[in-house]
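1. turn this into a model:
(2 chains, ligands or ions: 2)
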There are 2 protein chains.
Amino acid sequence: MTRHLHLNAFLMGVGHHEAAWRHPSAEPARLTDVRHYQNLARIAERGKLDSVFLADGLALWGNVRHNALGGLEPLTLLSALAVVTEHVGLIATVSTTYNEPFHVARKFASLDHISRGRAGWNIVTSAGEAEAHNFGIERPPHAERYARATEFLDVVGKLWDSWEDDAVLSDRAGGTYADLGKIHPIEHEGAHFSVRGPLNTSRTPQGRPLLVQAGSSEDGKDFAARHAEAVFTAQQTLGEAREFSIDLRNRLRAYGRRQEELLVLPGISPIIGSTEEEAHRLEKELEDLIIPAYGLSQLATLIGVDLKEDALDKPLPDVGVETEGAQSRRKLVVELARRERLTVRQLLSRLAGGRGHRVVAGTPEQIADELQEWFDYGAADGFNIMPPILPRGLEDFVDHVVPELQARGLFRTEYEGGTLRENYGLTRPSSRYAAEPDRELDVVVAS
Amino acid sequence: MTRHLHLNAFLMGVGHHEAAWRHPSAEPARLTDVRHYQNLARIAERGKLDSVFLADGLALWGNVRHNALGGLEPLTLLSALAVVTEHVGLIATVSTTYNEPFHVARKFASLDHISRGRAGWNIVTSAGEAEAHNFGIERPPHAERYARATEFLDVVGKLWDSWEDDAVLSDRAGGTYADLGKIHPIEHEGAHFSVRGPLNTSRTPQGRPLLVQAGSSEDGKDFAARHAEAVFTAQQTLGEAREFSIDLRNRLRAYGRRQEELLVLPGISPIIGSTEEEAHRLEKELEDLIIPAYGLSQLATLIGVDLKEDALDKPLPDVGVETEGAQSRRKLVVELARRERLTVRQLLSRLAGGRGHRVVAGTPEQIADELQEWFDYGAADGFNIMPPILPRGLEDFVDHVVPELQARGLFRTEYEGGTLRENYGLTRPSSRYAAEPDRELDVVVAS
Ligand SMILES: Cc1cc2nc3c(=O)[nH]c(=O)nc-3n(C[C@H](O)[C@H](O)[C@H](O)COP(=O)(O)O)c2cc1C
Ligand SMILES: Cc1cc2nc3c(=O)[nH]c(=O)nc-3n(C[C@H](O)[C@H](O)[C@H](O)COP(=O)(O)O)c2cc1C
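-> Ligands and ions are numbered 1, 2, ... in the order given. As a prediction, this is how the structure comes out:
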């Protein structure tokens, strides 16, 4: 079987470029308009993309004075996209640090039913300090966040399995709706959670959502190797991306998993023009709209250091060794500045397009060349596409880059299956309780 | 202005009657099918109903062996209904006992944007013990649940107000997206919650969702008088319903609220036939499908006492004075059994249709007479319609009872406004921060 690449559309308001909202082709008033996102999902589906993905934070990220922030919560939004599409996967970001496993299991189960098997979860641990303050606590340390995330995954996995595939009999004549021997209390007792179960939403088309992870620290990579079926990652160079992919795959063995069970999808923001000149003109238009004060607030988010405008034309100061925030992105940003000896202003302009993700301007063929090179070289199994302006940039990608990839035999021309897991080439998990001897659920009544 | 009644469609799987799933006209396989619910919402909208409403619990309620349980989470489902309707309100149940205010504020804000102003929240405190065990705690005492609910409402109210109506400027040329003087940290510090804010979803069409409440204990009524704009309630007799309504209204003054700011909507399950005989035949068909073991599990949920089958033909035993569970429903059930000297079996059959809500079988005219009587007599401002079988029972109501109510001048023939608040005749609240002198939001950066 030929290896095909997988493409995810990372949807972000009116575009990934931080100045997109100021560009004449963007419509910032549509930030909270569901039809804007429905349109994006339909475009992605027209291009046979595997999935669309929504990031999320639990506080305002960056300075809303200078960017179009304050949009919709992903899970709520995705079911409105599910009902106007048929094939494209729907991936929502939800934090394990500020949520309860029962709620999260249930909401994804609902989305999986509503979308008939297209739900995916981008599991994050929430790196920001501001997020903690919306939940009455101080941000837990990095390692503690990942420890909680690990137990969280254990609990939601049990809840998704708590109804076996054949639990529902729906025998009207006999009066038996479900077989209580196939609905299992989970009786989880751990360091962070104590959850009796079962879930009160029945087994879903995919069994569980596609599990996606997006932290690239050491703890993040271990977590991904253990649980994730797809990994989103920011990678600046082909060499590092390849190393990252190999590193991640090497960790799979420790958890008894096979190479094919994990896809690595680096982010890329393609600035597309019908000629190189046109692409660079668009890049320049966006660059001219950058507001340094916003870039500085973003930089503070990414590396945890709050610089003032008088630092703009100096090199990035020494930022110390480690934080409890987002380790991998911080490392990437600091290394980028060092490697290319950038001033803070130059660094901000490099980050404006994709917050550390790779930005590539060119013709559809050139973009396809870049994707193919990384794919052939083993640096990527596919990509997280981050259009600078939305919907325009996604339309350009779907109408011009996708056909080029298809012509090269790199990308599907039809969806392989009906579920997100099928299109990502993954199997449907069976319930862990299916093998157990049947034991009757003790009916627990409320109050 | 003539007083009009308000009608809400209480959607419950394939019907409110506990044996609905066994009836030949129900399709239990559609319990997790979003198109089933979309169809119901469209029927409600065809009938110009104010809203549809989804109940919710955080554990399996009752015995899934004998009823079609395990459906979808309401908030996730409602945005899929929002995008196939234009007018009908969308009310989701969410518990204040097992949630965080930041999440709840944000999800309702998202639904309000997605539906363009049609979100409503049925605020519940979760009476069941099983629910607590899915969140690692023991059920908090009744009074403590309402104390938390009160502070919860304070926090979400501040979050919904945290963006003033005119906070977003979207000035592209000047590079100013939002006016930081009009986005407010809430800095809430209380006994249960500490939340900095602001919300990271912008001000919504309704300002905040319609607030609905459904507990009728003393604490519940005080809570409703303080916060609720509509109250769902189970009432068996006209006299008691009228007393309840007067009692609730009398409590409004203490919170500086006016009579028109609260609507009381008792539940009613109408069993509709084109003749009386047909209605009673349907009632009998459903009654013949009742499974006593299921009724007993429901009774345990409602009154907190676990009876065995050998108790069926005896009177309801003494169940003691009070529980920490659902006080008002328990009282209603116990009083019903006493007043009518019912055996447990007879009681179960009285509860099978609506779990304590009133069940009325008859022709469309007779149903309309009942509704009119309660409405005219001041026992109701409208009704929570609980069709025994769905969609059939909702179609019958919309196609036959609604025209009758319209012909009598009791119900609208066109929606009054675009938002749920407008159709309920309520004003749009302004932000509590609008009057405050502008103070710049201190941009809080993540990590
Ligand atoms: C493509 C991509 C998308 C991400 N989306 C989110 C997000 O939506 N919310 C979030 O809190 N973190 C997001 N992250 C950040 C990581 O998930 C992670 O929280 C952060 O990098 C800290 O983890 P680390 O220390 O392991 O790197 C994203 C990262 C990447 C590469
Ligand atoms: C029409 C109606 C719908 C209700 N829906 C729910 C619900 O979905 N979830 C829930 O936990 N309680 C629900 N309740 C119960 C109450 O909200 C409340 O939790 C319970 O009655 C305990 O409150 P009390 O002790 O004040 O009566 C409902 C009550 C009524 C009358």
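2. going forward, measure contacts between C-alpha atoms and count neighbours the same way
-> Will do.
3. what mean pLDDT does stretch A:430-440 get?
-> Averaging pLDDT along stretch A:430-440 gives 81.
4. one more: stretch A:161-181?
-> Regarding stretch A:161-181, the rounded mean pLDDT is 97.
5. quick check: buried residues in it?
-> A:161-165, A:167-168, A:170, A:172, A:175-181 (16 or more other CA atoms under 10 Å in any protein chain shown).
6. likewise stretch A:332-339?
-> A:332-334, A:336-337.
7. do the same with stretch A:281-299
-> A:282-283, A:286-287, A:289-299.
8. pull the contacting residues for A:Arg345.
-> A:292, A:312-313 (CA atoms under 8 Å, 6 or more residues apart in numbering or on different chains).
9. tell me the secondary structure of it, please.
-> Secondary structure state of A:Arg345, per DSSP: H, G, I helix; E, B strand; the rest coil, is helix.
10. now swap in A:Gly215 and tell me
-> Per three-state DSSP, A:Gly215 ends up coil.
11. correct me if wrong: it contacts A:Lys221.
-> Yes: with contact defined as CA atoms under 8 Å, A:Gly215 counts as touching A:Lys221 (7.0 Å).
12. the two - which one has more neighbours?
-> Set A:Gly215 next to A:Lys221 and count neighbours by other CA atoms under 10 Å in any protein chain shown: A:Gly215 wins out with 25 against 22.
13. beta partners for A:Thr343?
-> Counting by DSSP bridges, A:Thr343 is bridged to A:Pro315.
14. wait, doesn't it sit right on A:Lys314?
-> Yes: counting by CA under 8 Å, A:Thr343 does reach A:Lys314; the two are 5.1 Å apart.
15. quick one: is stretch A:190-200 near chain B?
-> Yes: using CA under 8 Å from any CA of the partner chain, stretch A:190-200 reaches chain B at A:193-200.
16. can you flag which of these belong to helices?
-> Nothing among the residues of stretch A:190-200 next to chain B maps onto helices, per DSSP state H.
17. now that we have those, which one has the most neighbours?
-> Ranked by the number of neighbours (other CA under 10 Å), the residues of stretch A:190-200 next to chain B place A:Leu199 first, at 29 neighbours.
18. what's the closest non-adjacent residue to that one?
-> A:Leu159 (5.3 Å; CA to CA, 6 or more residues apart in numbering or on different chains).
19. just the buried residues of stretch A:161-181: which are in helices?
-> Going by DSSP H, the helices hold A:Asp161 from the buried residues of stretch A:161-181.
20. which members of the buried residues of stretch A:161-181 additionally contact chain B?
-> Applying CA under 8 Å from any CA to the buried residues of stretch A:161-181, one finds that A:170, A:172, A:175-180 fall near chain B.
21. could you save those as TSV and add columns showing distance to A:Ala407?
-> TSV is the format used below for these (distance: CA to CA, whole Å):
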residue	distance to A:Ala407
A:Ser170	48
A:Arg172	53
A:Gly175	56
A:Thr176	54
A:Tyr177	51
A:Ala178	50
A:Asp179	51
A:Leu180	52
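22. farthest-separated two in the residues you listed?
-> Farthest pair in these (CA to CA) is A:Arg172 and A:Leu180. Separation: 15.7 Å.
23. show me the shaky parts of the stretch 301-447 of chain A.
-> Where the stretch 301-447 of chain A drops to pLDDT under 70, the residues are A:321-323, A:437-447.
24. strands along that one, start to end?
-> Using DSSP state E, counting those that start in this stretch, the strands of the stretch 301-447 of chain A run over A:358-362, A:382-385.
25. name the nearest of the contacts of A:Arg345 relative to A:Ala326.
-> Among those, A:Pro292 lies closest to A:Ala326 (CA to CA), at 22.0 Å.
26. ramachandran coordinates for that closest one?
-> When read as degrees, to the nearest 10, the backbone of A:Pro292 gives phi -60, psi -40.
27. give me the number of residues near the closest residue to A:Gly89 other than its chain neighbours?
-> Spatially, and ignoring its direct neighbours in sequence, A:Gly89 is nearest to A:Ser51 (3.9 Å; CA to CA, 6+ apart). Neighbours of A:Ser51 under the rule other CA under 10 Å: 25.
28. just to check, A:Ser51 is in contact with A:Asn8?
-> Yes: proximity of A:Ser51 to A:Asn8 meets the contact threshold set by CA under 8 Å, at 4.8 Å.
29. neighbours of A:Leu307, how many?
-> Neighbours of A:Leu307 (other CA under 10 Å): 16.
30. for the closest residue to it other than its chain neighbours, give its distance to A:Ala26.
-> Of all residues beyond its chain neighbours, the one nearest A:Leu307 is A:Leu296 (6.3 Å), with distances taken as CA to CA, 6+ apart. Distance, A:Leu296 to A:Ala26, by CA to CA, to the nearest Å: 23 Å.
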